[in-house]
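Q: Sequence plus predicted model, see below.
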Amino acid sequence: MVASSDLRGLGNTDGPPVAYHWTPPNPLPHLLPWLATLALLLLKPNRTARAWWIWLPLALVAAVEAIVRPWIEFAGSEVLDYFCLGFNSLAFGIAAVWLLASALSHRLRFLVFLKMLCATAGVSAFCYLVRAEWDAAALGFIILVAVAVAVAVIGLNLAGVACRRRYRPLALTVWAVLFMAALWLLITTPFAVVVWVANSNGPSWIEFLGPVLSLAGLTFGMALPFLVLAYVNGLFRERLKELFHLNPVAPPPPVLVSPPPVPNPPGPSGAV
């Protein structure tokens, strides 16, 4: 490796050569989340062709990241790496919930919430830590992963409660968006208030709401492909209903029309 500089005729432009042995990165850490998902698919409740559709939302998240990433390189490569890694790990955590739904369901909503939180947090942390560099920046970004996991799980469960035990896909989706945005605002507003109190030249409300709503949109964006999968896939639809205690909207009862009265037949002639 040789460093070069244009000195415009003032001397040598090439520095002394330096030997550098480049070692290609190990692909195994980046394959481990996919292998973990494959291991969940081998469980007995998932031994059906319909369960393998879980690859579709995971592939969609990876494809969108690959397409959008070149447009946001201004954020800095290291920060962007950890940022994308955190939300990508959340997608694997939600996929694990969909694959483990039969073990997470319970008649008590609070127990379902706790099981979903543990499953999502455990798988998301695993997928993040096996792929991240173990430095201060990586450990700092795991806080973002933890908050995103909590917002996603709490938001989905509150959306299920808001549907009032009725399976309504559009209502569930809208409630999930609203609750996730509200939760991110609830979490970040105290920190913004502290900054505004300590610094009179702090960010305006518009500058504050932009990043917060972007975080809410990213969190919902990780959950949306799995919600759509549950809406169109019979296996995951039943698991969604079981997790959030949702029942199909019953059709209105049929209107019963009483038959007209039948006139009595005339008696025999000459009867008294």
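A: Happy to help now that I have it. If you're wondering where the values come from, they're calculated on a predicted model, not measured in any experiment.
Q: which ones are touching the nearest residue to residue 34 once chain neighbours are set aside?
A: Distances taken as Cβ to Cβ, 6 or more residues apart in numbering place residue 58 nearest to residue 34, at 7.7 Å, with adjacent residues excluded. Where C-beta positions appear, they are placed from N, C-alpha and C, glycine not excepted. Going by Cβ atoms under 8 Å, 6 or more residues apart in numbering, residue 58 touches 34, 37, 91-92, 95.
Q: Residue 188 now?
A: With contact set as Cβ under 8 Å, 6+ apart, residue 188 has these partners: 208, 212, 215.
Q: Next, format the residues you listed as TSV and append secondary structure, distance to residue 196 and neighbour count.
A: Listed next are these as TSV, based on DSSP: H, G, I helix; E, B strand; the rest coil; distance: Cβ to Cβ, whole Å; neighbours: other Cβ atoms under 10 Å:
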residue	secondary structure	distance to residue 196	neighbour count
208	helix	9	19
212	helix	14	16
215	helix	19	22
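Q: rewinding a little: and the residue nearest to residue 34, what pLDDT?
A: pLDDT for residue 58: 96.
Q: and the gap between it and residue 49?
A: Distance, residue 58 to residue 49, by Cβ to Cβ, to the nearest Å: 17 Å.
Q: Over to residue 163?
A: 29 Å.
Q: again with residue 80
A: Counting by Cβ to Cβ, the gap from residue 80 to residue 49 is 37 Å.
Q: Then residue 221?
A: 27 Å.
Q: Those two: which is more packed in?
A: residue 221 (15 against 7; other Cβ atoms under 10 Å).
Q: Next up, the contacts around that one.
A: Applying Cβ under 8 Å, 6+ apart, the residues near residue 221 are 64, 87.
Q: Going forward, the N-terminal residue is numbered 40.
A: Sure, I'll start numbering at 40, so the last one becomes residue 260.
Q: That one in helix, strand or coil?
A: Using DSSP: H, G, I helix; E, B strand; the rest coil, the structure places residue 260 in helix.
Q: so what's the backbone phi/psi at residue 226?
A: phi -80, psi -40 (degrees, to the nearest 10).
Q: That one reaches residue 190, doesn't it?
A: Yes - the pair residue 226 and residue 190 qualifies as a contact (Cβ atoms under 8 Å) at a distance of 7.4 Å.
Q: Look at these two and report which has more neighbours.
A: Neighbours per residue, other Cβ under 10 Å: of residue 226 and residue 190, the larger number sits with residue 190, 24 against 14.
Q: sorry, back to before: so the residue nearest to residue 73, which state does it fall into?
A: Recorded secondary structure, residue 97: helix (three-state DSSP).
Q: How much space separates it from residue 116?
A: Distance of residue 97 to residue 116, computed by Cβ to Cβ: 24 Å.
Q: what's the answer for residue 102, then?
A: In terms of Cβ to Cβ, residue 102 sits 20 Å off from residue 116.
Q: Could I get the average pLDDT for stretch 196-210?
A: pLDDT averaged over stretch 196-210 gives 94.
Q: Quick check: end-to-end length of it?
A: Length of stretch 196-210, first residue to last, Cα to Cα, to the nearest Å: 13 Å.
Q: Now that stretch: buried residues?
A: 196-199, 202, 206, 208 (16 or more other Cβ atoms under 10 Å).
Q: what ranges do the strands span in this structure?
A: For the chain, the strands defined by DSSP state E occupy 205-206, 286-287.
Q: right, and the ones you listed - which one's nearest residue 272?
A: strand 205-206 (14.0 Å; Cβ to Cβ).
Q: which other helices and strands contact that closest one?
A: Helices and strands touching strand 205-206, by 3 or more Cβ pairs under 8 Å, 6 or more residues apart in numbering; DSSP states H and E, are strand 286-287.
Q: roughly how far apart are residue 256 and residue 145?
A: 31 Å.
Q: now do residue 246
A: Residue 246 sits 43 Å away from residue 145, going by Cβ to Cβ.
Q: Looking at those two, which is more packed in?
A: Counted by other Cβ under 10 Å, residue 246 and residue 145 do not tie: residue 145 has more neighbours, with 15 against 10.
Q: so that one makes contact with residue 155?
A: No - with contact defined as Cβ under 8 Å, residue 145 does not reach residue 155; the gap is 10.3 Å.
Q: Count residues in the vicinity of the closest residue to residue 76 other than its chain neighbours, would you?
A: What sits nearest to residue 76 in space, not counting adjacent residues and going by Cβ to Cβ, 6+ apart, is residue 134, at 5.9 Å. Neighbourhood size, residue 134 [other Cβ under 10 Å]: 27.
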